[in-house]
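Colleague: Take this sequence and fold it.
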Amino acid sequence: MAKNKEEKTNVIRLLEAAGIPCTHHILDLDKNHVPDGVTAARILGKPPEEVFKTLVAEGPKGEHFVFVIPVAETLDLKKAAKAAGVKSIAMLPQKKLLPLTGYVHGGCSPVGMAKAFPTFFAEEVILVDTMVCSAGKIGHQVEVAPDDLIALVGGQIADLTQQ
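Modeller: Numbering: from 1, shown residues only. Presented below is the predicted three-dimensional model:
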C-alpha cells in the first residue's frame, strides 16, 4: 500500500472501503512518456500475464461495455460482442473515455467509473493468484485477487482475446 495517504487514488479508497486487500504500486515514470502495458509489467517486475488493461467499447445501440484483458493480448471484438450479448461492438473513441468513465487513456480502471457498465474479464484471469490493473491514474497500479475485483464490479469471465 502507499504510505502517503495523499498518493491514494479513488480506486484504492474504494477497494479499501470494500475491505478488499490490495497493494498500490506507483511507477516512476517520465511525465512525457506513458508506457504500454507490457513495459509497465516489466517496470513492476511482473509477468505480462498478471497485468491487465481496461478497455471500453460501444455497442450498436450506444450501450457501453468494459473489458479487462492481459496487457500483451488483443481484444477480439467478435468474442467481446458475443460475451456482451450484442451483435457487434467497437472500441470507444479516446475522446469519449474521460467524459464517459472519469478516467483518461492509460489510467482507466474497472473500479470507480463514473457509471457502472457491464464488465467482462478475460478467462486468463483464472490462471493468476493476483492481478494488476490501473488504479485510476497514470503511473498508479493496484494488485488484487481477481475474485475480489470481479465480485466488486459485478464482472463476468469470458473468452475475449484473439488466439
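Colleague: C-alpha from now on. contacts and neighbour counts both.
Modeller: Will do.
Colleague: Report the buried residues of the lowest-mean-pLDDT helix or strand in the chain.
Modeller: Every helix and strand of the chain was ranked by mean pLDDT, DSSP states H and E. The lowest is helix 37-44, at a mean of 89. By neighbour count on 16 or more other CA atoms under 10 Å, the buried set for helix 37-44 is 37, 38, 40, 41, 44.
Colleague: next one: the next helix or strand after it to chain centre, how far?
Modeller: Downstream of helix 37-44, the next assigned helix or strand under DSSP states H and E is strand 52-58. Put simply, strand 52-58 sits 7 Å off its chain's centre (CA atoms, centre = their mean, to the nearest Å).
Colleague: neighbouring contacts of strand 52-58?
Modeller: With contact meaning CA atoms under 8 Å, 6 or more residues apart in numbering, strand 52-58 is reached by 37, 64-71, 89-92, 97, 108-110, 131-134.
Colleague: mind listing which of the residues you listed are in helices?
Modeller: Among these, the members found in helices (DSSP state H) are 37, 97.
Colleague: Okay, and which of the contacts of strand 52-58 map to strands?
Modeller: Among the contacts of strand 52-58, the members found in strands (DSSP state E) are 64-70, 90-91, 131-134.
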